[in-house]
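# structure here, sequence nowhere to be found:
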């Protein structure tokens, strides 16, 4: 269920193919400490899938050594924690991959993405979050809880389908609901914008009175509660 006029301004900063090393290069640009506007209430950080690629023989590419990845994520967390006392953080761990879907029957070329490497980087991220008291979501395990995860969660063995994305969204909403944050960031507690009665509201059955629908709930969103 959702309040019709509850609101949150969401800014997406997702760059294709990036790893934690590149993220550090722009961290101050994306989240300046001296920003004159309000600092974010919540930042969801998602790196590890590309970092966990096995190293290419050339030394180039997306791979980031495990210890460097951990330190990169630590630096990101420290920076975000410094933005404001009300800025909350959730880290998403490296997700699994479906190697069979990625490579098929091919025996040609380097097989740099492995589910085992994803597991190692996922566990490292979760351990860092425990150490730094940061909310974390174990995507590697969450996606694999479905028996048919290999068939339904990926478009290409790496990127998520609608079903895979639904799992991620539900895990995030679960954290928001259970977190003892003040103020709470769960959608059921979000303020209702412009909730006052208005003559421009829909007319009721009598054709004379207006109905304020701001606090109505809708059945199609029950699954997100």
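Now that the structure is in, tell me what you want to look at. Computed from a prediction, not measured in an experiment: that's the story for all the values here.
# now stretch 41-51: buried residues?
42-51 (16 or more other Cβ atoms under 10 Å). Glycine gets a C-beta too; all of them are placed from N, C-alpha and C.
# from the residues you listed, which ones fall inside strands?
42-46 (DSSP state E).
# sketch out the low-pLDDT regions of this structure for me.
1-7, 36, 105-109, 215, 217-225 (pLDDT under 70).
# and the residue nearest the centre of it?
By Cα atoms, centre = their mean, the chain has its centre lying nearest to residue 44, at 5.0 Å.
# so that one bridges to which residues?
residue 90 (DSSP bridges).
# from residue 80, how far off is it?
From residue 44 over to residue 80 the distance is 10 Å, taken as Cβ to Cβ, to the nearest Å.
# could you tell me which residues touch both of these two?
residue 89 (Cβ atoms under 8 Å, 6 or more residues apart in numbering).
# next one: stretch 197-210 to chain centre, how far?
Distance, stretch centre to chain centre, for stretch 197-210: 40 Å (Cα atoms, centre = their mean, to the nearest Å).
# ends of that stretch, what's the gap?
8 Å (Cα to Cα, to the nearest Å).
# nearest to residue 169 among the buried residues of stretch 41-51?
Nearest to residue 169, judged by Cβ to Cβ, of the buried residues of stretch 41-51 is residue 44 at 10.9 Å.
# what about the closest one, distance to residue 121?
17 Å.
# so residue 113: helix, strand or coil?
Secondary structure assignment for residue 113 (DSSP: H, G, I helix; E, B strand; the rest coil): coil.
# thinking again about what came up before, tell me which of the ones in strands among the buried residues of stretch 41-51 is nearest to residue 154?
residue 46 (15.9 Å).
# hang on, that closest one packs against residue 92?
Yes. Taking Cβ atoms under 8 Å as the definition, residue 46 is a contact partner of residue 92 at 4.2 Å.
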